[in-house]
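Chemist: quick one, fold the following:
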Amino acid sequence: MNVNPTENWELGTFFECFMFACIFIPDFPAQAVIRFEPGLRARPVAVLTGRPPLEKVMALNERARQLGVDIGATKSQLEAWEALVLRARSESQETSAHATLLDCAQSFSPEVEDTSRGTALLNLDGLTPLLGPQPKIARDLAHRVLQLGLEANIAVASNPDAALLAARGFAGVTLIPEGREAERLGDLPVDVLLESFSSDAEEAARWVETFDRWGIRKLRALAALPEVPVSERLGQQGLRLQKLARGAAARQLRVLVPRLIFADSVELEYPIVLLEPLAFLLNQMLEQVCAQLRERALAAQELRLELELATTQSNDCELSTSTVARDVTQNYIRPFIRTLRLPLPMLDAKVFLKLLQLDLQAHPPGAPIVKIHLSAEPARPRALQSGLFQPVFPEPEKLELTLARIAGIVGEDRVGSVELLDTHREGVFAIQHFAPLDCSAESALLNKAKPSRKQNKSMSMPVLENNKLEEKAQEQMSAVISLRLFRPPLVVSVTLREAKPVRMRCLHREDIAGEIIWTAGPWRSSGDWSEQEGWAREEWDIAVSAESGLVLYRLVQDKLSRNWFLEGTYD
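Modeler: A predicted model of the protein is given here:
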């Protein structure tokens, strides 16, 4: 890593005065493309912009510059370089790379200025006790940006504008002690000053022409001019440029309000059809998003994957409302969105990748993919403290992967935890996504789920006289504590007398049959009358005489189908 001050002893003498750092990504459009294709880092790359066939080079990396490629060259002129890699400019990749850069800067300092695309300013005041000396902070900052797939110039100075000029003019890490700004910035060309602080290209060109006629090509020459003649000839703007050339400008940072958005996007050069190359790109994007979350001490609670799919439309009138864009080749873009809601906050890129792969295998996009956008909803990481007398639960990451694999085999609607529905219909439940409960929530749920009907207890007794059976059945029914349900209910044949069941016989079990000695009921209930699958039931509690004594059952009639069932026996 390059450190530009020539006298190393000056670092220990002046570094306590450094207050501002600047991160500048040279050739930012090219680096934004290379960030998503790391294999291009060792190859010459040119980024094109414009409509075919009038594309022109708007950005290069250093290897392409060494080949002699110039900014503004047309695509036809680039055919002479066989090793040159051409890529179209991607606004989404640049936006994603810049958001990553700002997030990295905010992980070091709470005061960050979003200066321009690929450029950020940081206030380092007060960070020395936390992060070490400011030269170390600068080196750590450069290393962190490199881990994110970008090569940056880092400059530290006593004011933001001097740090910005040094970052744009010097490669590597630059440290400028207070009071030495004019000396260190003097060797920079005037073009660097105008590119940094002039937003109008035509105005910058006029200033360059003016300084060139005066013979001013370095900042040292501009800083040495007397202020009064400069003010008379160039006005207040000329004085401002001279103050910037001396590194003497002072201002406050326009602090960026942090937005906790963790996302990454990539716009593909060629559409992707297979899931394997898509998984390769998703792995890189997940690692970037997880790195941003980790720097903030956060985890992901939800993952959202948005794919833009290319489809062909033959008739403009049949264009659906979900269409996003259209190009001249009649290729239409439609969105494809998948959302993974995690049971607990997680931060494992490999687990996320496997979950997305399983989800895409179960729900394939069905069309070539032209753009990928991945976002994560941040959440605080889970805090877990095991107890001595509590069972050990499986790791949430492994459990989520296991459930996803099972869902891919048996179906998503058959994997999860049981959720009781708010209805009087017996035995109705739904499957929801499994999420473990803590002990307090589990105990509250158990207390809430107490049975509404009096529980029962079965008792064996010898066969009594017929005139005492009904009285004994009532006494036995008042002492029951639980109902043992049959899964599924048993189909029975029932004989009625005066609209009351008097005899019952099970069609599948010969041991369940006999005279009905005692009955209680009926209790009628119905629901969902406005839907196609309505229900209506009539419940009886009955006592049947058997060889072992009286047995208590719950007898149910489906009033819509007129079928009878034994729903359970009382213990």
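Chemist: quick one: least confident helix or strand in the protein?
Modeler: Every helix and strand in the chain was compared by mean pLDDT, DSSP states H and E; the lowest is strand 325-326, with a mean of 37.
Chemist: next SSE after it?
Modeler: Using DSSP states H and E, the helix or strand that follows strand 325-326 in sequence is strand 331-346.
Chemist: whichever helix or strand comes after that following strand: how far from the chain's middle?
Modeler: As assigned by DSSP H and E, the chain's next helix or strand after strand 331-346 is helix 349-362. Relative to its parent chain, helix 349-362 has a centroid offset of 13 Å by Cα atoms, centre = their mean, to the nearest Å.
Chemist: report all helices and strands that helix 349-362 contacts.
Modeler: With contacts taken as 3 or more Cβ pairs under 8 Å, 6 or more residues apart in numbering; DSSP states H and E, helix 349-362 sits against helix 275-295, strand 299-312, strand 331-346, helix 396-410. All C-beta atoms are positioned from the backbone trio N, CA, C, and that covers glycine.
Chemist: mind putting the ones you listed into TSV with mean neighbour count?
Modeler: Below are the helices and strands packed on helix 349-362 laid out as TSV (neighbours: other Cβ atoms under 10 Å):
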stretch	mean neighbour count
helix 275-295	19
strand 299-312	18
strand 331-346	16
helix 396-410	15
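Chemist: between these, which gets nearest to Phe36?
Modeler: helix 275-295 (6.6 Å; Cβ to Cβ).
Chemist: which one of the helices and strands packed on helix 349-362 lies closest to Leu256?
Modeler: Among these, helix 275-295 comes nearest to Leu256, with 15.2 Å by Cβ to Cβ.
Chemist: for the residue most central in space within the chain, give its distance to Ala299.
Modeler: Nearest to the mean C-alpha position of the chain, by Cα atoms, centre = their mean, lies Ala376 at 1.5 Å. Shown here: Ala376 relative to Ala299, a distance of 9 Å by Cβ to Cβ, to the nearest Å.
Chemist: find residues that contact each of the two.
Modeler: Common neighbours of Ala376 and Ala299 are listed as Leu293 (criterion: Cβ atoms under 8 Å, 6 or more residues apart in numbering).
Chemist: quick revisit: tabulate the helices and strands packed on helix 349-362 (a markdown table), appending distance to Val230 and mean pLDDT.
Modeler: Output for the helices and strands packed on helix 349-362, formatted as a markdown table (distance: least, Cβ to Cβ, whole Å; pLDDT from 0 to 100):
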| stretch | distance to Val230 | mean pLDDT |
| --- | --- | --- |
| helix 275-295 | 45 | 89 |
| strand 299-312 | 53 | 86 |
| strand 331-346 | 54 | 82 |
| helix 396-410 | 64 | 77 |
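Chemist: same list (those) but as CSV, adding distance to Leu356.
Modeler: Converted to CSV, the helices and strands packed on helix 349-362 look like this (distance: least, Cβ to Cβ, whole Å):
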stretch, distance to Leu356
helix 275-295, 6
strand 299-312, 6
strand 331-346, 7
helix 396-410, 10
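Chemist: excluding its backbone neighbours, what's nearest Leu496?
Modeler: Excluding its sequence neighbours, the residue lying closest to Leu496 (Cβ to Cβ, 6 or more residues apart in numbering) is Val502, at 6.9 Å.
Chemist: ok, the one you found - contacts?
Modeler: Going by Cβ under 8 Å, 6+ apart, the list of residues near Val502 reads 495-496, 515-516.
Chemist: any idea how far Val418 is from the closest residue to Asn159 other than its chain neighbours?
Modeler: Once flanking residues are discounted, Asn159 sits nearest to Ala250: 5.2 Å by Cβ to Cβ, 6+ apart. Going from Ala250 to Val418 by Cβ to Cβ gives 66 Å.
Chemist: Ala205 - how many residues pack around it?
Modeler: Neighbourhood size, Ala205 [other Cβ atoms under 10 Å]: 12.
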